[in-house]
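J.: Here you go, sequence then predicted model.
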Amino acid sequence: SATTNIAITPGDGIGPEVVNQAVNCLALLRQRFKLDLDWHPFPWPSHRWHQQHGESMPADALEQLGAFDAILLGALGDPGPVTDHNRYLLSDSVSLAPLLQIRKGFDQWVCERPARLLPGARQYLADDRARDIDMLVIRENSEGEYVSQGGRLRQGTPHEVATQIEVFTHFASERIIRYGFEQARARAIRRQQHHQTRQFQTLDGRVCDSQVCLVTKRNALRYWGDLYTEVFERMSLEYPDVATHHELVDAACMKFVQSPWAFDVVVASNLQGDILTDLAAVLSGGMGVAPSCNLNPTDPTMPSMFEPTHGSAPDIAGQGLADPTAMLFTTARMLDWLAHKDPIMAAAGLALFEATAADLAQHGGKRRSTAEIGAAVCARLKA
Ligand code: NAD
Ligand code: IPM
Ligand code: MN
């Protein structure tokens with residue numbers, strides 16, 4: 001089969017620091033599994049590129065990235081002085097735009113953010129049932145609050161009005177909710193294969209082995225809430241084996257902290273999914289271990305993008321303190337995703353996942369540098 005090509009965009013702040021560790025692992029995996037795999041680094045998008053060129057990335061950036069099978073991104077966001085609050089916020093709006101352009105340009109309409117409290121990961125919740133946390137938050141990644149429509153009227157006057165429009169289409173609602181049900185089924189099958197079971201009650205008292213929880217704010221944001229609810233209820237008839245559940249987003253936040261082990265698959269809108277997944281990251285050990293990906297499951301000619309949930313972490317950038325674990329789990333997911341091109345990638349992805357998880361299990365509690373963690377995972381891959 002043809003070479004699998006990855007575009008690597010390290011980005012800003014701790015992005016390049018954690019990406020370096022991922023590249024070291026990829027080099028070892030290529031050797032060990034004889035992968036027909038290649039990668040190419042890009043200095044954009046990044047804040048430095050913006051400073052030098054006056055734009056976040058070249059005009060033909062999407063064309064260039066479109067030639068690759070996947071994109072591995074560190075993080076974006078100006079790592080400059082956080083003390084100068086205004087400058088920080090203004091530079092953020094230019095240096096983050098390309099992230100949304102890439103997601104939109106390649107129609108990466110699914111954002112998958114699993115939250116599992118793996119052995120060794122820091123347990124923030126005192127309740128020991130936290131050890132059973134194992135959920136997948138699916139964030140709608142193509143529209144909603146992120147359409148960037150609206151504007152500022154009478155700007156600079158005391159009568160200014162800012163509008164920020166949210167758009168929810170039936171098409172995008174249906175595909176993301178269906179994706180949620182399909183993932184719930186797939187997770188139940190995987191649990192069965194590992195001789196694990198989980199039980200979820202439906203409202204009418206039946207017991208199912210998987211669940212989808214839909215999150216909305218339908219009591220206040222009615223039009224979107226009604227659309228999501230109607231699509232969800234209609235589709236649930238096609239998946240009688242999957243228990244369904246609905247939470248308002250404020251209550252969902254409460255229950256994520258109070259009883260996160262009760263969730264299986266969670267489907268949320270773009271912004272609400274963004275917020276819920278920082279919370280879910282902490283439930284599963286913190287930003288340093290939380291993977292993420294932006295997928296286009298419908299068009300295999302479009303590259304999907306793999307990046308951790310965390311950002312450029314300006315508060316710890318340049319100190320070698322960033323935990324690369326999230327990036328390594330994310331890279332493992334990328335390899336698994338690339339199995340559609342070359343089945344051997346799945347084995348390499350599993351090896352990277354297992355080496356990273358084993359390292360976490362052994363050393364999770366210790367203070368280690370970015371390089372130490374990366375080297376320890378590499379050592380496991382060599383063994
Ligand atoms: P952040 O995720 O960068 O950091 C939040 C906190 O988590 C910080 O205290 C940070 O030190 C810690 N943290 C994050 N990653 C870590 C890691 N790997 N190891 C150890 N600690 C880690 O969020 P923020 O501070 O709100 O944002 C910083 C910048 O990143 C902003 O410009 C923001 O817009 C951007 N951002 C980018 C992405 C992305 O590119 N995908 C995602 C989120 C935020
Ligand atoms: C994320 C980030 C981005 C988002 C920002 C940096 C635009 O927070 O990937 O979670 O809001 O999607
Ligand atoms: Mn976020």
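T.: Done, it's in. Ligands and ions are numbered 1, 2, ... in the order given.

J.: For the residue lying closest to residue 178 once chain neighbours are set aside, which residues are in contact?
T.: Distance criterion Cβ to Cβ, 6 or more residues apart in numbering; nearest residue to residue 178, sequence neighbours excluded, is residue 235 at 6.2 Å. Heads up, the C-betas are built off the backbone N, CA and C, glycines and all. If you count contacts by Cβ atoms under 8 Å, 6 or more residues apart in numbering, residue 235 has them with 174, 177, 178, 181.

J.: so where does the second one fall, helix or strand?
T.: Going back to what we said before, that points to residue 177. In this structure, residue 177 is located in helix 170-193 according to DSSP states H and E.

J.: Looking at the residue in the stretch 151-300 of the chain positioned nearest to ligand 2 now. What's its pLDDT?
T.: Of all residues in the stretch 151-300 of the chain, residue 274 sits closest to ligand 2, at 4.4 Å by Cβ to the nearest ligand atom. If you check residue 274, the pLDDT there is 98.

J.: likewise the one 4 residues further on?
T.: According to the predicted model, the pLDDT of residue 278 comes to 98.

J.: Can you tell me the element the closest residue to it other than its chain neighbours falls in?
T.: Spatially, and ignoring its direct neighbours in sequence, residue 278 is nearest to residue 309 (6.9 Å; Cβ to Cβ, 6+ apart). Taking DSSP H and E as the definition, residue 309 sits outside all helices and strands.

J.: so residue 309 sits right up against residue 111, yeah?
T.: No: in this structure, residue 309 is not within contact of residue 111 by Cβ atoms under 8 Å, at 9.3 Å.

J.: Common neighbours of the two, please.
T.: The contact sets of residue 309 and residue 111 overlap at 277, 292 (Cβ under 8 Å, 6+ apart).

J.: before we move on, back to that, neighbour count, distance to ligand 2 and pLDDT for the contacts of residue 235 - can I get that in a markdown table?
T.: Shown next, in a markdown table, are the contacts of residue 235 (neighbours: other Cβ atoms under 10 Å; distance: Cβ to the nearest ligand atom, whole Å; pLDDT from 0 to 100):
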| residue | neighbour count | distance to ligand 2 | pLDDT |
| --- | --- | --- | --- |
| 174 | 16 | 22 | 98 |
| 177 | 22 | 20 | 98 |
| 178 | 16 | 22 | 98 |
| 181 | 21 | 24 | 98 |
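
J.: For the stretch 1-150 of the chain, which residues score under the pLDDT cut-off?
T.: For the stretch 1-150 of the chain, the stretches with pLDDT under 70 are 1, 79-95.

J.: Just the helices from it, written as ranges.
T.: Under the criterion DSSP state H, counting those that start in this stretch, helices of the stretch 1-150 of the chain are mapped to 15-33, 47-53, 61-66, 85-95, 97-105.

J.: Can you list the buried residues in the lengthiest strand in the chain?
T.: Scanning the chain for the strand with the most residues, using DSSP state E, yields strand 144-153. Neighbour counts over strand 144-153 (16 or more other Cβ atoms under 10 Å) mark 144, 145, 146, 147 as buried.

J.: related to what we said a few turns ago, okay if I get the helices of the stretch 1-150 of the chain as JSON lines plus distance to residue 293?
T.: Output for the helices of the stretch 1-150 of the chain, formatted as JSON lines (distance: least, Cβ to Cβ, whole Å):
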{"stretch": "helix 15-33", "distance to residue 293": "13"}
{"stretch": "helix 47-53", "distance to residue 293": "23"}
{"stretch": "helix 61-66", "distance to residue 293": "15"}
{"stretch": "helix 85-95", "distance to residue 293": "21"}
{"stretch": "helix 97-105", "distance to residue 293": "11"}
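
J.: wait, which of those helices is closest to ligand 2?
T.: Among the helices of the stretch 1-150 of the chain, the nearest to ligand 2 by Cβ to the nearest ligand atom is helix 97-105 (5.4 Å).

J.: and the angle for the closest one with strand 144-153?
T.: Put simply, helix 97-105 runs at 130 degrees to strand 144-153, going by axes from the mean of the first three to the mean of the last three Cα atoms, to 10 degrees.

J.: Phi first, then psi, for the residue nearest to residue 178.
T.: Here the main-chain torsion angles of residue 235 (degrees, to the nearest 10) amount to phi -70, psi -30.

J.: picking that back up, what is the neighbour count of the residue nearest to residue 278?
T.: Neighbours of residue 309 under the rule other Cβ atoms under 10 Å: 25.

J.: Alongside ligand 2, which residues does the stretch 201-350 of the chain contribute?
T.: 274, 309, 311 (Cβ under 6 Å from any ligand atom).

J.: Need those in a markdown table (columns: distance to ligand 1).
T.: Output for these, formatted as a markdown table (distance: Cβ to the nearest ligand atom, whole Å):
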| residue | distance to ligand 1 |
| --- | --- |
| 274 | 8 |
| 309 | 7 |
| 311 | 2 |
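
J.: Which one of the residues you listed is nearest to residue 115?
T.: Distance to residue 115 across these (Cβ to Cβ) is lowest for residue 309, with 9.2 Å.

J.: Get me the contact residues on the stretch 51-200 of the chain for ligand 1.
T.: 75, 76, 77, 78, 92, 96, 99.

J.: I'd like those as CSV, with distance to residue 132 and neighbour count appended.
T.: Formatted as CSV, these follow (distance: Cβ to Cβ, whole Å; neighbours: other Cβ atoms under 10 Å):
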residue, distance to residue 132, neighbour count
75, 30, 29
76, 34, 28
77, 33, 23
78, 39, 25
92, 37, 17
96, 35, 19
99, 33, 21
